[in-house]
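Participant: predicted coordinates and the sequence they were generated for:
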Amino acid sequence: MIAYTIFGTNDLARAGAFYDELLSIMGAQRAIDAPRMIAWGNNPSAPMFAVATPFDEKPATVGNGSMVALAAANPEQVNALHAKAMALGAKDEGAPGTRMDTYYCAYFRDLDGNKINCFCMA
C-alpha cells in the first residue's frame, strides 16, 4: 500500500551520507539522486524511503507524532541499525529490546530530528 515515505531535511548531503550508511545494513541503495531529493530502495517494485528539501523552500521541521518504521529481518539487524545510527550521530529514543512480548524494536532520531523505529517480530 505505501509506495514511499519522505523526511524533510535542511542538509541533503549530510542526510544522504547518514542514510547511505544506515540503509546499507538492509541492502538498500540509492534509487533516486536528484538535486532536492535522495531515495533508497531494494527493488523498483518495493516501497522506497527518501529525504528531500521542502518544495516550498522553507526550513524542514519535524512532525510531532510522526515516525517511520523500518522492517528489519531479525533482532540482530535491529541492533545493527540502532548501533549504526548512534555511531553516525543519531539521538537514542529507545534502546533495542522486546516490547509487547514479540515486538523487538529500537527508536532513534536522525540528524534532522525525525523519529525512526526499526523492528522485527521476535
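Facilitator: Now that the structure is in, tell me what you want to look at. Residues are numbered from 1 along each chain as shown.

Participant: where's the residue of the chain most remote from its centre, which helix or strand?
Facilitator: No residue in the chain sits farther from the centre than residue 101, which is 24.1 Å out by C-alpha atoms, centre = their mean. Using DSSP states H and E, residue 101 maps to neither a helix nor a strand.

Participant: for residue 15, same thing?
Facilitator: helix 12-24.

Participant: name the helices or strands packed onto that helix?
Facilitator: Packing partners of helix 12-24 (3 or more C-beta pairs under 8 Å, 6 or more residues apart in numbering; DSSP states H and E): strand 29-33, strand 37-41, strand 48-52, helix 75-87. Using the backbone N, CA and C atoms, a C-beta is placed for each residue, glycine as well.

Participant: columns distance to residue 21 and mean pLDDT on top of the ones you listed, output as CSV?
Facilitator: Converted to CSV, the helices and strands packed on helix 12-24 look like this (distance: least, C-beta to C-beta, whole Å; pLDDT from 0 to 100):
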stretch, distance to residue 21, mean pLDDT
strand 29-33, 12, 96
strand 37-41, 11, 97
strand 48-52, 13, 97
helix 75-87, 6, 98
